[in-house]
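Novice: Sequence and predicted structure, then a few things I'm wondering about:
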Amino acid sequence: MKARKLRFGMIGGGRGAFIGAVHRLAAAMDGQAELVAGAFSSDPQRSHESGADLGLDPQRVYDSYQAMAEAESAAPLSQRLDFVVIVTPNHQHFPPAALFLKSGFNVVCDKPVTFSLAEARKLAAIVKQTGQVFVLTHNYTGNAMVKQARELVREGRLGKLRKIVVEYPQGWLASNLEKTSNKQASWRTDPKKSGAAGCLGDVGTHAENLARYITGLRIQELCADLTAFVPGRRLDDDANILVRWEDGVKGVLHSSQISVGEENNLNIRIYGTDAGLEWHQEHPNELVVKYPDRPAEIWRRGNGYLTGPAKAVARVPAGHPEGYLEAFANLYRDAFRAIRAQVAGEPLPKDLDFPTIADGIEGMAFLETAVKSSNAGAKWRKMPR
């Protein structure tokens, strides 16, 4: 069969949205997919205006995701969508994901996966039942040096792991921005749209996922102190959590959106008996490896001394920086391998490396456990299994 671009539709991500444009850029980076349809807003007029901005056929720009699912399901195979991308606020993840999966479409969804753990489990059952590909965009795992860190842990280069310190501080919500016309602040601080967690759901889930991706360890129990520092704010804007991971590993997970002066300072430090490592999202091309008896080493993206997984996602030669968008695109590139196989009725490749519905469930379990712990006065709580 002649190779062609994959066709996708987008739900959300219209005018005034941030993450929709990021997904469109990342999906287009390798020239393997094209946006052909969308329901870009719950406001039909805004949806159609957004479609016009993107140069889409007006007949494939819809008033709602329900209308989109109905029409696209009836489209001939030569025009039918191969997958949909969901970039709505959290409360609008599960309904369209469930509908499109049941309608025979593969799904790429922004994080956190759903509004609640119960929804995430229901969605997992639907993914299993339909056999469609489901991709969750914890994009930082697409960074080359994150993959290098994971390989060092897998190879035992750090020795037995002892401690993980992972944090994601921002400062953009240090004031009552949701009381202005800021759309991004408004929905993220609204429990009806964001869910039970605010800052922790928005960026803390990235910290949890990053630690689990690199180490392979799941959280066993935690003790959380969530705070809404800004007067009148209904959801947390700061989270401080003591964590007990598997295999006796302990540490700290911190996320914040009131850390004045911070931008997107996701970072992680992992310490073992033989060595430690450190990676900063704001300096994504470098991985620091530390030893007890010699100077620290700085490993850099794009060099021949790196392991295969880190080399495989490098897009340009060493010295040319890669970061946020390239990491997103790396997830999409691997997702395309799975989607192409599914569309062709072939077995999925066994070496796929992108977050799935299982990662979504783990993230939602983390959020709900942390909220329960904090509400109980920072009591230790076990993660549900």
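Specialist: Looks like it arrived, so ask away. Numbers count the residues shown, from 1 in each chain.

Novice: I'd like the distance between Arg315 and Glu286.
Specialist: Note on Arg315: its distance to Glu286, by Cβ to Cβ, to the nearest Å, is 17 Å. C-beta coordinates here come from the backbone N, C-alpha and C atoms, glycine included.

Novice: One more: Ala33?
Specialist: Distance from Ala33 to Glu286, by Cβ to Cβ: 30 Å.

Novice: quick one: buried residues of stretch 268-278?
Specialist: If you call a residue buried by 16 or more other Cβ atoms under 10 Å, then stretch 268-278 has these buried ones: Ile268, Arg269, Ile270, Tyr271, Gly272, Ala275, Gly276, Leu277, Glu278.

Novice: Now do that stretch: distance to the chain's middle.
Specialist: Here the centre of stretch 268-278 is set off from its chain's centre by 24 Å, with Cα atoms, centre = their mean, to the nearest Å.

Novice: Next: stretch 4-19.
Specialist: 16 Å.

Novice: any idea of the mean pLDDT in it?
Specialist: Mean per-residue pLDDT for stretch 4-19: 95.

Novice: and if you look at stretch 165-181?
Specialist: 97.

Novice: In contact with the spatially most central residue of the chain, which residues?
Specialist: Centre of the chain computed as the mean C-alpha position; nearest residue by Cα atoms, centre = their mean is His138, 2.1 Å away. In this structure, His138 makes contact with Lys111, Thr205, His206, Asn209, Leu210, Tyr213, Pro355, Asp359, Gly363, judged by Cβ atoms under 8 Å, 6 or more residues apart in numbering.

Novice: closest to Ile11 among the residues you listed?
Specialist: Of all those, Ile11 sits closest to Lys111, with 15.0 Å by Cβ to Cβ.

Novice: Tell me how many other residues surround that closest one.
Specialist: 23 (other Cβ atoms under 10 Å).

Novice: which ones are touching the residue nearest to Arg340 when sequence neighbours are not counted?
Specialist: Leaving aside its sequence neighbours, Arg340 sits nearest to Leu6 (Cβ to Cβ, 6 or more residues apart in numbering; 6.9 Å). Residues in contact with Leu6 (Cβ under 8 Å, 6+ apart) are Gln32, Ala33, Glu34, Asp82, Phe83, Phe336, Ile339, Arg340, Val343.

Novice: what about 10 Å?
Specialist: With contacts defined as Cβ atoms under 10 Å, 6 or more residues apart in numbering, Leu6 is in contact with 27, 32-34, 36, 81-83, 106, 332, 335-336, 339-340, 343.

Novice: and the most far-flung residue of the chain relative to its centre, how far is that from Ala275?
Specialist: Using Cα atoms, centre = their mean, the residue of the chain lying farthest from its centre is Asp293. It sits 36.9 Å away. Distance of Asp293 to Ala275, given as Cβ to Cβ: 10 Å.

Novice: show me where the stretch 251-385 of the chain has strands.
Specialist: All strands of the stretch 251-385 of the chain, identified by DSSP state E, counting those that start in this stretch, fall at 267-272, 276-280, 286-290, 297-300, 380-382.

Novice: will you turn these into TSV that also has distance to Gly13 and mean pLDDT?
Specialist: Listed next are the strands of the stretch 251-385 of the chain as TSV, based on distance: least, Cβ to Cβ, whole Å; pLDDT from 0 to 100:
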stretch	distance to Gly13	mean pLDDT
strand 267-272	28	98
strand 276-280	28	98
strand 286-290	31	98
strand 297-300	33	98
strand 380-382	35	98
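
Novice: I'd like those strands as CSV, with distance to Val133 appended.
Specialist: Converted to CSV, those look like this (distance: least, Cβ to Cβ, whole Å):
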stretch, distance to Val133
strand 267-272, 28
strand 276-280, 28
strand 286-290, 30
strand 297-300, 32
strand 380-382, 32
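
Novice: Tyr324: which of the ones you listed is closest?
Specialist: The nearest among the strands of the stretch 251-385 of the chain, by Cβ to Cβ, is strand 276-280 at 12.8 Å.

Novice: Surely Asn106 is in contact with Ile86?
Specialist: No - if you go by Cβ atoms under 10 Å, Asn106 and Ile86 don't touch, sitting 11.5 Å apart.

Novice: Touching both of these two, which residues are there?
Specialist: Phe100.

Novice: thinking again about what came up before, out of the contacts of Leu6, which end up buried?
Specialist: Buried among these by 16+ other Cβ under 10 Å: 27, 32-33, 36, 81-83, 106, 332, 335-336, 339-340, 343.

Novice: now these as JSON lines including pLDDT and distance to Ala228?
Specialist: Below are these laid out as JSON lines (pLDDT from 0 to 100; distance: Cβ to Cβ, whole Å):
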{"residue": "Ala27", "pLDDT": "98", "distance to Ala228": "35"}
{"residue": "Gln32", "pLDDT": "97", "distance to Ala228": "43"}
{"residue": "Ala33", "pLDDT": "98", "distance to Ala228": "40"}
{"residue": "Val36", "pLDDT": "98", "distance to Ala228": "42"}
{"residue": "Leu81", "pLDDT": "98", "distance to Ala228": "40"}
{"residue": "Asp82", "pLDDT": "98", "distance to Ala228": "42"}
{"residue": "Phe83", "pLDDT": "98", "distance to Ala228": "37"}
{"residue": "Asn106", "pLDDT": "98", "distance to Ala228": "38"}
{"residue": "Tyr332", "pLDDT": "98", "distance to Ala228": "35"}
{"residue": "Ala335", "pLDDT": "98", "distance to Ala228": "35"}
{"residue": "Phe336", "pLDDT": "98", "distance to Ala228": "40"}
{"residue": "Ile339", "pLDDT": "98", "distance to Ala228": "40"}
{"residue": "Arg340", "pLDDT": "97", "distance to Ala228": "45"}
{"residue": "Val343", "pLDDT": "95", "distance to Ala228": "45"}
